[in-house]
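1. Sharing a model that was predicted from the sequence below.
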Amino acid sequence: MLEADKVFSGSIPENYDRYMVPLIFEPFAADLARRAALLLPSAVLETAAGTGVLTRALAAKLPASAIYMVTDLNQPMLDYAASRQGPDSRLTWRQADALALPFDDKVFDLVLCQFGAMFFPDRIAGYREARRVLKPGGHFLFNVWDRIEDNEFADDVTNAVAEVFPEDPPHFLARTPHGYHDTQLIRSDLASAGFSHVTIETRAEQSGAPSPRHVAMAYCRGTPLCMEIESRDASKLEAAINYAEIEIAKRHGSGEVAAKIQAHVVMSVA
């Protein structure tokens, strides 16, 4: 992972929430919120909250007495998430690094992370921090994307953009969001951090969009792929979007489009 892969600033938070969230994140947020609510937590920490899609889904399921601490490394993403959430005394918004959490030991029943672990520079350190702040017997629940070949739109966009930059193709999507899919490695990393009773479920969903253009805009403007393209030639960003749109239309049609997305859902006990 490159340092730039962690940067979600400028117009990315708004475009991420407008395009990416309905495209790929909402179904998995609903799934993670359902699993989390079944654990009946009274004190919840969410790391790498992004623009708050999981926060919104889970807050609706928590009791009035719950405490919900919502964090992200990127203040612009956190600000956008807070702006999308109505007033709620249970929620506290705080900028925080998942690898160096500013919380005492053993204070949370549940630590959640939706599609954030792939961005941790040191995943074992991040997992150790999650375990440190969990009460004994508390749960660490997170998900990560499966390999890019099992996530059709991401694969389509990556291949299309590579045609625009054949000598130096941008590989952000394969390198980082879809770069941590080895379940044996995930189990090993969690064990190294002191977690036990690890369960991993591979779950497929359908990604849907009103048009191929929506998909192309989502990945090319709503993720750090945007900056990776612009670092090569900013004048070709629109060309990359157009090419991705054409390729998606060829594979999935020119109207409403749908494709497979797949992720691993991981649960472990402190």
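-> In hand now; what should we look at?

2. all contacts plus neighbour counts: C-alpha atoms, from now on.
-> Fine.

3. Quick check: what element follows the lowest-mean-pLDDT helix or strand in the chain along the chain?
-> Lowest mean confidence among the helices and strands of the chain (mean pLDDT, DSSP states H and E): helix 12-15, at a mean of 71. Where DSSP states H and E defines the elements, the next helix or strand beyond helix 12-15 is helix 26-38.

4. so what strands line up beside the very next helix or strand once past that next one?
-> Sequence order places strand 43-47 as the next helix or strand after helix 26-38, per DSSP H and E. Partner strands and pairing direction for strand 43-47 (DSSP bridges) are strand 67-72 (parallel), strand 108-114 (parallel).

5. just how off-centre is the first one within its chain?
-> It stands for strand 67-72. Relative to the centre of its chain, strand 67-72 is centred 16 Å away, using C-alpha atoms, centre = their mean, to the nearest Å.

6. For that strand, list the C-alpha coordinates in PDB.
-> Backbone C-alpha positions of strand 67-72 (Å, rounded to 0.1, in the frame of the first residue of the first chain) are rendered in PDB as follows:
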ATOM      1  CA  ILE A  67     -22.500   4.600  23.700                       C
ATOM      2  CA  TYR A  68     -21.200   4.800  20.200                       C
ATOM      3  CA  MET A  69     -17.700   6.200  19.500                       C
ATOM      4  CA  VAL A  70     -17.200   6.900  15.700                       C
ATOM      5  CA  THR A  71     -13.700   7.400  14.500                       C
ATOM      6  CA  ASP A  72     -11.700   7.800  11.200                       C
END
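
7. ok, then the element right after that strand?
-> Going down the chain from strand 67-72, the next helix or strand is helix 75-84, by DSSP H and E.

8. tell me what that next one is packed against?
-> Under the contact criterion of 3 or more C-alpha pairs under 8 Å, 6 or more residues apart in numbering; DSSP states H and E, helix 75-84 touches helix 12-15, strand 91-95.

9. Need the winner for burial among the ones you listed.
-> The highest average neighbour count among those, using mean count of other C-alpha atoms under 10 Å, belongs to helix 12-15 at a mean of 20.

10. can I assume Cys226 sits in a helix?
-> Yes - according to DSSP: H, G, I helix; E, B strand; the rest coil, Cys226 belongs to a helix.

11. Is there a neighbour count for it? I'd like the number.
-> Per other C-alpha atoms under 10 Å, the neighbour tally for Cys226 reads 22.

12. Please report how far the residue nearest in space to the middle of the chain lies from Ser42.
-> In the chain, the centroid-proximal residue (C-alpha atoms, centre = their mean) is Phe115; its distance is 2.8 Å. Separation of Phe115 from Ser42 (C-alpha to C-alpha, to the nearest Å): 23 Å.

13. now Gln262
-> The spacing between Gln262 and Ser42, counted by C-alpha to C-alpha, is 30 Å.

14. Between those two, point out the one with more neighbours.
-> Neighbour comparison, Gln262 and Ser42: the larger count goes to Gln262, with 22 against 16 (by other C-alpha under 10 Å).

15. could you list every residue that touches the more buried one?
-> Gln262 sits next to 145-146, 150-151, 202-205 when contact means C-alpha atoms under 8 Å, 6 or more residues apart in numbering.
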